[in-house]
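J.: Got a predicted structure here, sequence first:
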Amino acid sequence: MENTKTQNITKPEIKSIAISCNTFLRPEILEKTLNSIASLNIPDNIAIKVLVVDNDAKASAQPVIDKIKPDFPFEISYFVEEKRGLANARNRLLKEAINLDVTHIAILDDDDIADVDWIINLVDLYNTQDNAYIISGPEYCTFDGEFPTYLTNNNIFVKKTSKKKGEIRKVCSTHNAFFPLKIVKEDGIWFDSSFVFMGGEDGDFFYRAGKAGYTIVFNPDAIVREINGKDRVNIKWILSRNYYNGYSGSYLQYKTRPKKIKRFMYLIKIFFICLLNLLIIPFSVICGPTVFLNILGLSCKNTGKLMGLIKLQPLNYYKHLNGGINK
């Protein structure tokens with residue numbers, strides 16, 4: 001159901017957009033992201049600025065900015081946020097977008113390629129659907145290299161959506177989002193720094209914005225594509241990512257909600273599901289490597305859910321997945 005507070009919010013006209021991303025130690029992929037932004041089709045009468053905030057104190061993305069800036073079709077601004085952590089970097093992004101004096105912001109990740117009509121489709125739904133204050137779009141996968149099909153067909157990478165255009169969501173992600181900066185400037189909604197290296201700060205941000213009356217709607221036509229290379233397309237990363245997804249889901253759901261009985265019942269349910277997964281894994285081998293790896297990943301995800309429920313403490317996403325590199 002649509003949040004009734006929406007009716008009391010004035011919807012700002014789109015006059016200017018900061019197309020933005022945070023980055024950390026991915027200069028080559030960032031360059032591909034920025035090149036896709038340079039190729040975007042842009043709606044008439046809307047000013048476009050591009051904003052990059054680097055969370056690496058050594059400014060490793062600076063050479064990329066210097067390389068593309070002379071021929072880049074839009075004004076591009078680059079800043080370094082030395083205080084580590086995604087929430088800190090994303091808040092710096094919002095702060096600099098406000099300083100650029102734009103009315104709206106479109107955010108994608110530094111490993112995403114935007115389809116040429118990405119901005120047009122975001123703007124179109126914002127302008128044509130009355131309750132569309134925050135627009136979310138899908139992030140599909142593309143691969144930087146040749147990999148076995150049992151890896152590329154894993155559920156981690158095969159991202160499908162049944163959401164319809166204009167469908168209301170409770171949360172969304174910064175890998176593909178568009179919203180008015182009024183949310184930050186007037187309502188004071190920022191990314192929660194308590195997440196630090198946990199990840200999930202974007203889901204929390206948009207959940208609170210939705211609760212404040214800024215309805216989130218989905219546009220399947222506003223597409224970005226995540227680049228996946230050999231650092232991810234491997235068994236270790238896939239299983240680790242499944243575990244983290246399960247862990248963070250439980251943590252975010254129950255960390256501030258003292259529903260002890262509900263939490264206990266869910267814990268018992270997940271415990272028995274984990275046992276069932278262990279029974280199924282040996283039999284999944286006969287179905288081939290794709291099915292086996294998917295079942296193994298599901299088992300890791302449910303184990304993560306169980307541990308997240310038990311511990312209810314943040315998990316360092318980047319240490320967990322990137323061998324000690326904290327974003």
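T.: Perfect, thanks for sending it. Numbers count the residues shown, from 1 in each chain.
J.: Quick check: G213 touching I9?
T.: Yes - with contact defined as CB atoms under 8 Å, G213 reaches I9; the gap is 5.0 Å. C-beta here means a position set from N, CA and C on the backbone, and glycine is covered the same way.
J.: list residues touching both of the two?
T.: Shared contacts of G213 and I9 (CB atoms under 8 Å, 6 or more residues apart in numbering): Y133.
J.: ranges for the helices of the protein?
T.: 27-38, 62-68, 86-99, 118-128, 149-152, 182-185, 201-211, 235-254, 260-284, 289-311, 317-321 (DSSP state H).
J.: how about the ones you listed, which one is nearest E167?
T.: Nearest to E167, of all these, is helix 118-128, at 10.8 Å by CB to CB.
J.: What helices and strands are in contact with the closest one?
T.: Helix 118-128 sits against strand 16-23, strand 104-108, strand 134-136, strand 176-180, with contacts defined as 3 or more CB pairs under 8 Å, 6 or more residues apart in numbering; DSSP states H and E.
J.: Can you tell me what sits against the second one?
T.: Translated: strand 104-108. So strand 104-108 is in contact with 12, 14, 16-21, 33, 93-94, 97, 114, 118-119, 122, 174-181, 224, going by CB under 8 Å, 6+ apart.
J.: Pull out the buried members of the residues you listed.
T.: Those of the contacts of strand 104-108 that meet the buried threshold are 12, 14, 16-21, 33, 93-94, 97, 114, 118-119, 122, 174-181, 224, by 16 or more other CB atoms under 10 Å.
J.: Who does V52 form a beta bridge with?
T.: With DSSP bridges as the criterion, V52 is bridged to C21, Y78.
J.: residue ranges with poor pLDDT in this protein?
T.: 1-8, 256-258, 317-327 (pLDDT under 70).
J.: try 90 this time
T.: 1-10, 84-86, 159-163, 193-201, 203-204, 244-245, 247-267, 308-327 (pLDDT under 90).
J.: Next, find the distance separating the residue located most distally from the centre of it from G188.
T.: The centre of the chain is farthest from one residue, I286, which by CA atoms, centre = their mean lies 35.1 Å away. Remark: distance between I286 and G188 (CB to CB, to the nearest Å) = 56 Å.
J.: which residues sit against stretch 20-33?
T.: So stretch 20-33 is in contact with 50-56, 60-61, 63-64, 67-68, 86, 89-90, 93, 97, 105-114, 144, 227, 229, 325, 327, going by CB under 8 Å, 6+ apart.
J.: show me the residues around the closest residue to F147 other than its chain neighbours that make contact.
T.: Once flanking residues are discounted, F147 sits nearest to V233: 4.6 Å by CB to CB, 6 or more residues apart in numbering. Residues counted as contacts of V233 (CB under 8 Å, 6+ apart) are F143, G145, F147, L151, T152, F157.
J.: Filter these down to the buried ones, PyMOL style.
T.: To isolate the buried subset of the contacts of V233 in PyMOL, counting by 16+ other CB under 10 Å, use the following:
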select buried, resi 143+147+151+152+157
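J.: want to try TSV for the contacts of V233, with distance to L40 as columns?
T.: What follows is the contacts of V233, written out as TSV (distance: CB to CB, whole Å):
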residue	distance to L40
F143	22
G145	25
F147	28
L151	31
T152	27
F157	25
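J.: Quickly check the contacts of V233 for the two that are furthest apart.
T.: The most distant members of those, if one measures by CB to CB, are G145 and F157, lying 12.9 Å apart.
J.: okay, now H104: neighbour count?
T.: 24 (other CB atoms under 10 Å).
J.: ok, now the one 3 residues further on?
T.: Other residues within reach of I107, judged by other CB under 10 Å, total 23.
J.: what residues are up against P180?
T.: Contacts of P180 (CB under 8 Å, 6+ apart): K11, P12, T103, H104, Y133, Y214.
J.: Grab the nearest non-local neighbour of the last one.
T.: By that I understand Y214. Y133 (4.1 Å).
J.: Any chance of the backbone angles for that neighbour?
T.: phi -100, psi -40 (degrees, to the nearest 10).
J.: That one and I216 touch, don't they?
T.: Yes - using CB under 8 Å, Y133 is in contact with I216, at 7.5 Å.
J.: hang on, the earlier thing: and the contacts of stretch 20-33, which of them are buried?
T.: Buried among these (16+ other CB under 10 Å): 50-56, 60-61, 64, 68, 86, 89-90, 93, 97, 105-114, 144, 227, 327.
J.: Distance-wise, check the spatially closest residue to I76 that is not a sequence neighbour relative to P73.
T.: Leaving aside its sequence neighbours, I76 sits nearest to V50 (CB to CB, 6+ apart; 4.3 Å). Distance, V50 to P73, using CB to CB: 9 Å.
J.: got it, and I168?
T.: Counting by CB to CB, the gap from I168 to P73 is 34 Å.
J.: Looking only at neighbour counts, state which of these two leads.
T.: Higher neighbour count among I168 and P73: I168, with 15 against 12, using other CB under 10 Å.
J.: who touches that one in this structure?
T.: E2, N131, T215, I216, V217, F218.
J.: now for those, which pair is the farthest apart?
T.: E2 and F218 (13.7 Å).
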